[in-house]
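Chemist: Let me see the structure of the following:
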Amino acid sequence: MKKVNLTAILVWCIGICSLHAQTNDTMYIHKGQTVIKYAIKDVDSITFSHFAEKEAPFLSVDETTIIAAAEGGTYYIAVSSNGEWIAVVENSESWITLTIDNDTIVVSVDENTFFESRSATAKITLGSLAKSVVVNQEAKKTDCGCNASQN
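Modeler: Below you'll find the model as predicted:
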């Protein structure tokens, strides 16, 4: 077996690393998340392994409820995550649409032409993680400017 003569080994590692160096009478082993630096001479073999640490998935939203005016409008939900997420309107409500713009969900709400309030839920998922944002829209006002229930 051919020996490798090294004066130093310098390894930069992000994540979990393992270095094994075997000489005639000593085995050098290092595991951890640090810079590995050794001065080893007459090395028989070197094995370096890197295992990227997998970060636990997370998902959060800055809103849990949106109160929309009867006239409709545009609202925003900021999403924080460390992975690919999707957003959908549950029950396919046609009066509300979602558009993804980077880490923001743009919520477009149509005018409510009915004299009753209505509600829909936007569901944001990342794997098995899920967040819900309820969108409550006010009822249309009557000619008197009041809700139909106030007449």
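Chemist: what's residue 113 in contact with, if anything?
Modeler: residue 140 (Cβ atoms under 8 Å, 6 or more residues apart in numbering). Where you see a C-beta, it was placed from the backbone N, CA and C, and this is true even at glycine.
Chemist: The closest residue in space to residue 61 that isn't next to it in sequence: helix or strand, and which one exactly?
Modeler: Spatially, and ignoring its direct neighbours in sequence, residue 61 is nearest to residue 131 (4.7 Å; Cβ to Cβ, 6 or more residues apart in numbering). Following DSSP states H and E, one finds residue 131 within strand 129-137.
Chemist: Which strands and helices lie in contact with that strand?
Modeler: strand 59-61, strand 65-68, strand 104-109, strand 118-126 (3 or more Cβ pairs under 8 Å, 6 or more residues apart in numbering; DSSP states H and E).
Chemist: Those into TSV, with extra columns for distance to residue 138, mean neighbour count and mean pLDDT?
Modeler: Converted to TSV, the helices and strands packed on strand 129-137 look like this (distance: least, Cβ to Cβ, whole Å; neighbours: other Cβ atoms under 10 Å; pLDDT from 0 to 100):
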stretch	distance to residue 138	mean neighbour count	mean pLDDT
strand 59-61	22	16	97
strand 65-68	7	16	98
strand 104-109	10	18	97
strand 118-126	9	17	96
